[in-house]
Each structure stands twice: as structure tokens, then as C-alpha cells.
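> pasting the sequence and the predicted model now:
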Amino acid sequence: QVQLVESGGGLVQPGGSLRLSCAASGFTLDSYAIGWFRQAPGKEREGILCISKSDGSIDILDSVKGRFTISRDNAKNTVYLQMTSLKPEDTAVYYCAANEADVPRCLDYYGMDYWGKGTLVTVSS
């Protein structure tokens with residue numbers, strides 16, 4: 001069964017850090033383009049970070065540059081989103097997604113092949 005499962009969300013104070021995990025089953029993540037997306041309350045889903053399957057190039061949303069990074073552990077078939085210097089406006093449900101083909105504008109692409117169910121990140125004091 002093909003599945004993506006996010007974990008690691010929770011409540012964190014402004015300025016804090018969290019690492020989200022996205023574990024895949026039923027397929028091999030390193031053969032797919034990977035994206036992290038988020039949806040804040042009352043707002044549309046937005047792409048925040050994508051990594052290409054072909055060359056490992058990364059697209060990143062301007063508002064998280066310098067604060068969020070993506071990494072893979074192929075042995076664990078898991079992708080991570082490391083988030084630092086978190087701000088209240090980062091509060092959202094965070095989703096990982098995988099697509100068999102690279103897409104030219106991954107951050108704007110909501111037709112990814114597989115999606116996780118999301119994990120909630122709340123940044124608040």
C-alpha cells in the first residue's frame with residue numbers, strides 16, 4: 001500500500017525549532033520529486049520546499065529561506081523538513097507529497113501523485 005505519513009508536529013514557541021518527518025511505504029522516495037506544503041487556517045495551501053528527483057535541486061518559498069531545510073534518509077525511506085526560527089505565521093498543517101516526475105513549478109503544483117494526511121505545527125507563546 002502506497003502511503004506517506006508525516007510526524008513531528010506540535011506546539012513550539014516563536015524562535016523555536018521542529019523537525020518534521022515524512023515516511024514512505026509502498027514506493028521508494030528517492031525515485032520521486034518531494035514537496036512540503038502547508039495550509040494555514042483560513043488560507044490556501046502553499047508549497048514551501050521541493051526537491052528534484054533528477055538533480056536534487058531545491059525550490060524554496062522566499063518566506064522560509066534561511067530557516068527551513070529539506071533532507072533525505074534513503075535507508076529509512078524518509079524525508080525531513082527541518083524548521084528553525086519559527087514564527088507564528090508558520091502555524092499550519094504541513095503536508096509532504098511525492099511525484100514520480102519532476103515538475104517545473106513544484107511549489108505551485110498541487111497535483112502530486114501521493115500526499116500525506118498532514119501534521120499540525122502551532123507556533124505560539
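Okay, I see it. Please read these numbers as outputs of a predicted model, since none were measured by experiment. Residues are numbered from 1 along each chain as shown.
> got the contact list for the most centrally placed residue in the chain?
The centroid of the chain falls nearest to residue 36 when counting by CA atoms, centre = their mean (2.2 Å). By CB atoms under 8 Å, 6 or more residues apart in numbering, the residues touching residue 36 are 20, 22, 47-50, 68, 70, 81, 94-97. (C-beta placed from N, C-alpha, C; glycine too.)
> closest to residue 109 out of these?
residue 47 (7.1 Å; CB to CB).
> and the closest one, what are its bridge partners?
residue 37 (DSSP bridges).
> surely it and residue 111 touch.
No. Under the criterion of CB atoms under 8 Å, residue 47 makes no contact with residue 111, lying 11.7 Å away.
> which of the contacts of residue 36 has the most neighbours?
Of all the contacts of residue 36, the highest neighbour tally under other CB atoms under 10 Å goes to residue 96, namely 30 neighbours.
> using the three-state scheme, assign it.
Following DSSP: H, G, I helix; E, B strand; the rest coil, we place residue 96 in the strand state.
> can you check the pLDDT for it?
Listed pLDDT for residue 96 reads 97.
> give the closest residue to it in space, chain neighbours not counted.
Spatial nearest neighbour of residue 96, chain neighbours left out: residue 22 (3.4 Å); criterion: CB to CB, 6 or more residues apart in numbering.
> done for today, thanks.
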